[in-house]
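Peer 1: return atomic coordinates for the entry below.
(chains A and B)
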Amino acid sequence: MKKATIVLVAVALWIGISAAGELTAGGNVPKVLTLGRLSRIYEPVAFDHSRHVSMAGGCADCHHQHGTMQVQACSECHRLDPSVFKKSVNAAALKPCRDCHAASDRPGDISRPGLKAAYHQACFKCHRGEVGSVGKDPKGCTEMCHVPRAQAKLEEKKR
Amino acid sequence: MRRLSVADSRKKSALGDNVPEGEQPVMNIEETGKATLSRRRVLQTLAAAGGATLIGASAEVFAENRISGWPDRKGMLTDLTECVGCRTCEKACNAANALPEPEVPFDEKSVFEKKRRPTASAYTVVNRYENPNSSDKPFYRKVQCNHCNEPGCAAACPVRAYTKTPEGAVLYNKDVCFGCRYCMVACPFYVPAYDYESALDPRIVKCTLCHERVKKGGIPACAEACPVGTITFGKREDLIKLARNRIRKHPDRYIDHIYGEYEVGGTSWLYISGIPFDRMDFPSNLVDKPLVEQTKGFLSAVPLVLTIWPALLGMCYAATRNKEEKE
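Peer 2: The predicted structure follows:
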């Protein structure tokens, strides 16, 4: 029972990102997120969270804390507010990925991947070979998610 | 004088000095308070000098062990199971080293049709290899200088154009190089490339482990650019622990081998892989000892042979010639 609750609570936000996004009517699950914290070469990525929710087997497919062998207290990652929790079990905030996965280009904690690597590793669980051409063609990056900054500027000018 | 007899006789036998004790003048500090030069003293000095020449080789061994002893030297760990072949590292390396624009753009997959080597205009290249378990997920191998602990290129260089730095990088100095390209032959990984474009200005080109960036506290450009975390930059010791941890945690994902931990005495660049390394064209016939150890015995004998043999043979010749004349 407790586990089921935890899983439900884990329906999560991709926060930590300069995130905007409409919320679904029922829970506090974001629809489309803009991942832009790391955008230097590429434009921020529009991530369709609700589409992924409908396709993924469960939250743990991407939000790695669940289903791993790591022993962590729920509160280490989830900010639980009792008043909100009564209304909806989904209405809990997930700790931003960047709190653990550093976004810096300085040598840091090598035991866990940086923010960029953490994102991509989560994506490539499916988007490597199976969905899209990442892993087979270097063009896969721009086909799948990324718009190069230079290209975006050109398109803006055309408009 | 008599008190010294045991030590004295030992010294004598070591010198091959069979003159009876007492018959010769010796240096006697105790009696006169002054050191006087004697025949024995001269012999001892000569023997010591000869001995030093003979053990010269072992003194060098000590010097090289010191290289392996820089505990904080940095390295890179490439996890070949993570790489998706996006060539972002190639692009970042090109920008960081201000290399010329490539003929084929960096997002072009046709380059994978051939196995490439680093060139004067590309310090690192990515090659593709078939995955025996899944044709959808080919493996990729990033090739660049491995920055050996005891580099063969440095040992082969006649003008010391190569330096192993305490930070881990093996650096090349263009100013002293005269273009013999021995380093290219000596490198077990076929890494140093020659800039054939500049015939009058010889230049070897290879990865520098972004030495300048690292000294400023940054990380190498390829490691920074890699989107998947394939390349990890850190202390070599820590990287070995990290690699061992990953292999232990995921025995089904990795083969139990850290390439570069021991190969040719260890390299700064380490690799872990899901398939045997020889299937990704890693040389699998390398010894665990530094390559320089293979040639040192012979090379250190060369000066001795060149100085002693002519004298020895000359004496033989002189001796036999006199004999012949008498007859």
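
Peer 1: do the particular helix or strand that has B:R248 in it and chain A meet?
Peer 2: Under the criterion of DSSP states H and E, B:R248 resides in helix B:236-249. Yes - with Cβ under 8 Å from any Cβ of the partner chain as the threshold, helix B:236-249 lies in contact with chain A, specifically through B:D238, B:L239, B:L242, B:N245. Just so you know, the C-beta spots here come from the backbone N, C-alpha and C atoms, and that holds for glycine as well.

Peer 1: show residues contacting that helix.
Peer 2: Helix B:236-249 is contacted by residues A:110-111, B:71, B:73-77, B:79, B:168, B:232, B:234, B:253-254, B:256, B:258, B:261, B:268, B:270, B:272 when judged by Cβ atoms under 8 Å, 6 or more residues apart in numbering or on different chains.

Peer 1: select only the buried ones of those in ChimeraX?
Peer 2: Isolation of the buried members of the contacts of helix B:236-249 (16 or more other Cβ atoms under 10 Å in any protein chain shown) is achieved in ChimeraX through the command below:
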select /A:110 /B:73,74,75,76,77,79,168,232,234,254,258,261,268,270,272
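
Peer 1: inside strands: which ones of the contacts of helix B:236-249?
Peer 2: Among these, the members falling in strands (DSSP state E) are B:K74, B:G75, B:M76, B:L77, B:D79, B:T232, B:G234, B:L270, B:I272.

Peer 1: show me which of the residues you listed is closest to A:F124.
Peer 2: Each of the ones in strands among the contacts of helix B:236-249 was scored against A:F124 by Cβ to Cβ, and B:D79 proved nearest at 12.5 Å.

Peer 1: just the pLDDT for the residue of the stretch 201-327 of chain B found nearest chain A.
Peer 2: The minimum distance from the stretch 201-327 of chain B to chain A, using Cβ to the nearest Cβ, falls at B:G229 (2.7 Å). Model confidence at B:G229, expressed as pLDDT, equals 91.

Peer 1: then it would be within a strand, right?
Peer 2: No - under the criterion used here (DSSP: H, G, I helix; E, B strand; the rest coil), B:G229 is coil, not part of a strand.

Peer 1: hang on, B:R253 packs against B:I272?
Peer 2: No - contact status for B:R253 versus B:I272: not in contact, 9.2 Å apart, counting by Cβ atoms under 8 Å.

Peer 1: between the two, what contacts are shared?
Peer 2: When contacts are counted by Cβ under 8 Å, 6+ apart, the set common to B:R253 and B:I272 consists of B:T81, B:R246.

Peer 1: what residues does the stretch 201-327 of chain B have near chain A?
Peer 2: Contact residues of the stretch 201-327 of chain B with respect to chain A, defined by Cβ under 8 Å from any Cβ, are listed as B:217-219, B:224, B:226-229, B:232-234, B:238-239, B:242, B:245.

Peer 1: okay, now A:D99: neighbour count?
Peer 2: Taking other Cβ atoms under 10 Å in any protein chain shown as the neighbour definition, A:D99 ends up with a count of 12.

Peer 1: just B:V159 next, same as before
Peer 2: 12.

Peer 1: using the three-state scheme, assign it.
Peer 2: coil.

Peer 1: list the contacts for the residue nearest to it when sequence neighbours are not counted?
Peer 2: In space, and not counting its chain neighbours, B:V159 is closest to B:V176: 4.8 Å by Cβ to Cβ, 6 or more residues apart in numbering or on different chains. Residues in contact with B:V176 (Cβ under 8 Å, 6+ apart) are B:V159, B:R160, B:A161.

Peer 1: in a markdown table: the ones in strands among the contacts of helix B:236-249, plus pLDDT.
Peer 2: Shown next, in a markdown table, are the ones in strands among the contacts of helix B:236-249 (pLDDT from 0 to 100):
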| residue | pLDDT |
| --- | --- |
| B:K74 | 93 |
| B:G75 | 95 |
| B:M76 | 96 |
| B:L77 | 96 |
| B:D79 | 96 |
| B:T232 | 94 |
| B:G234 | 93 |
| B:L270 | 97 |
| B:I272 | 97 |
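
Peer 1: roughly how far does the residue in chain A positioned nearest to chain B sit from B:F282?
Peer 2: Closest contact between chain A and chain B, by Cβ to the nearest Cβ, is at A:A117 (2.7 Å). From A:A117 over to B:F282 the distance is 24 Å, taken as Cβ to Cβ, to the nearest Å.

Peer 1: where does chain A come near chain B, residue by residue?
Peer 2: Residues of chain A lying near chain B by Cβ under 8 Å from any Cβ: A:105-107, A:110-111, A:113-114, A:116-118, A:120-121, A:124, A:128-130, A:134-142.

Peer 1: ok, the residue nearest the centre of chain B - contacts?
Peer 2: Ranked by distance to the mean C-alpha position of chain B (Cα atoms, centre = their mean), the top residue is B:P151 at 1.9 Å. For B:P151, the residues meeting the contact criterion (Cβ under 8 Å, 6+ apart) are B:Y162, B:K164, B:V170.

Peer 1: so the residue of chain A closest to chain B makes contact with B:C226?
Peer 2: Yes - with contact defined as Cβ under 8 Å, A:A117 and B:C226 form a contacting pair (7.3 Å).
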